[in-house]
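>>> only the shape, not the letters, is given here:
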């Protein structure tokens with residue numbers, strides 16, 4: 001339960017790939033164990049892990065939708081080196097345990113991610129991304145090692161009739177995982193800020209391979225097709241002012257806003273802000289934050305509160321629902337995942 005006041009929701013798109021496989025394709029074998037198995041990531045004096053994870057089924061608009069719910073915890077210490085006592089600065093050497101946490105929720109239907117930092121210095125999107133990716137890579141590497149060892153043992157026992165496997169071929173079979181958590185921005189704040197800038201030196205639009213949704217803006221869809229045709233892993237469009245005083249403010253605002261709505265494009269613009277200071281703007285700096293006035297009680301009620309706030313933002317035009325294609329096929333895929341996990345005793 002979170003009763004602390006002044007909590008906010010942050011929104012992102014959870015984009016996961018292993019080669020041509022997306023989040024749902026990899027959920028049972030890689031994402032679920034990364035989130036639900038007891039794993040720990042050490043970084044400096046802190047240890048990161050997932051706590052009280054669960055999969056929830058919730059009725060949304062008369063349809064059952066599934067969500068991953070849990071917390072990411074940063075378990076570490078606070079160092080106290082000095083205090084003020086009777087107007088004197090007094091050296092001290094105290095260490096206090098500290099374990100701030102953030103609630104996170106992932107919709108399996110539209111892979112939207114919601115994050116609520118419950119305490120100061122609680123884990124962020126970047127921390128969540130690093131931790132999930134670290135665990136998935138460990139699982140993938142262990143899978144490759146297990147298959148390789150097992151095949152070599154079979155060759156020892158049964159001879160060369162058993163086909164040889166190389167680690168190179170297994171790495172091709174299980175490609176390196178990629179994860180992007182793209183913050184969803186406030187379109188109105190973004191456009192207003194850009195239009196108030198003194199000058200804009202450059203705009204970069206980095207195209208991310210989506211999970212399974214369609215493209216909202218044709219230019220980004222065209223660039224994804226070009227990326228595939230030329231066989232590139234990455235694709236970016238870079239616009240620079242050159243000899244001109246500035247890029248066109250209204251066009252930079254237009255395409256940065258389109259990138260924000262697409263939710264599969266990173267944007268970076270740089271120039272001078274209204275104070276004539278150098279400034280670089282990104283998705284993260286303009287990410288949408290919505291205050292939570294309700295008390296967050298059970299995981300199910302918390303998820304419902306958060307998701308209905310998201311739907312209200314979609315209704316009001318601040319955010320969009322991704323086009324995830326054939327809804328029947330999507331439901332069937334998610335139901336298969338849930339049934340498999342129940343069969344493993346993880347439902």
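Received, thanks. Keep in mind it's a predicted model, so treat the numbers as computed, not measured.

>>> in the host helix or strand of residue 146, what's buried?
Element membership of residue 146 [criterion: DSSP states H and E] is helix 125-158. For helix 125-158, burial by neighbour count (16 or more other Cβ atoms under 10 Å) applies to 125, 127-136, 139-140, 144, 151. Just so you know, the C-beta spots here come from the backbone N, C-alpha and C atoms, and that holds for glycine as well.

>>> now the strands for the chain?
Ranges of strands in the chain, per DSSP state E, are 8-18, 21-22, 41-43, 46-60, 63-85, 88-98, 101-107, 112-117, 177-183, 199-207, 235-240, 265-272, 278-282, 289-291.

>>> where does the stretch 201-347 of the chain dip in pLDDT?
Low-confidence segments of the stretch 201-347 of the chain, defined by pLDDT under 70: 213-216, 345, 347.

>>> give me the beta-bridge partners of the residue positioned nearest the centre of the chain?
Here the mean C-alpha position of the chain is nearest to the C-alpha of residue 181 (Cα atoms, centre = their mean), at a distance of 2.5 Å. Note on residue 181: beta-bridge partners residue 14, judged by DSSP bridges.

>>> in contact with it, which residues?
Residue 181 is in contact with 12, 13, 14, 15, 113, 125, 126, 128, 129, counting by Cβ atoms under 8 Å, 6 or more residues apart in numbering.

>>> other SSEs contacting the helix holding residue 146?
In terms of contacts (3 or more Cβ pairs under 8 Å, 6 or more residues apart in numbering; DSSP states H and E), helix 125-158 is packed against strand 8-18, helix 32-36, strand 41-43, strand 46-60, strand 63-85, strand 112-117, helix 167-173, strand 177-183.

>>> the inter-axis angle of it versus strand 101-107?
Using axes from the mean of the first three to the mean of the last three Cα atoms, to 10 degrees, the direction of helix 125-158 lies 70 degrees away from that of strand 101-107.

>>> and helix 125-158, what's its mean pLDDT?
Average pLDDT, helix 125-158: 94.

>>> distance from that helix to the middle of the chain?
Put simply, helix 125-158 sits 22 Å off its chain's centre (Cα atoms, centre = their mean, to the nearest Å).

>>> same check on stretch 146-163?
On Cα atoms, centre = their mean, the centre of stretch 146-163 falls 39 Å from the chain's centre.

>>> one step back: and the strands of the chain, which one's lowest on average pLDDT?
Averaging pLDDT over each of those puts strand 278-282 lowest, since it has a mean of 89.

>>> distance of the nearest residue to residue 16 once chain neighbours are set aside relative to residue 97?
Closest residue to residue 16 apart from its sequence neighbours, by Cβ to Cβ, 6 or more residues apart in numbering: residue 23 at 4.1 Å. According to Cβ to Cβ, to the nearest Å, residue 23 and residue 97 sit 35 Å apart.

>>> the two - which one has more neighbours?
residue 23 (19 against 8; other Cβ atoms under 10 Å).

>>> check contacts around the more buried one.
Counting by Cβ under 8 Å, 6+ apart, residue 23 touches 14, 15, 16, 17, 31, 111, 211.

>>> which of those residues sits closest to residue 101?
The shortest gap between residue 101 and any of the contacts of residue 23 belongs to residue 14, at 18.9 Å (Cβ to Cβ).

>>> what's the neighbour count on the closest one?
25.

>>> how far away is residue 245 from residue 192?
21 Å.
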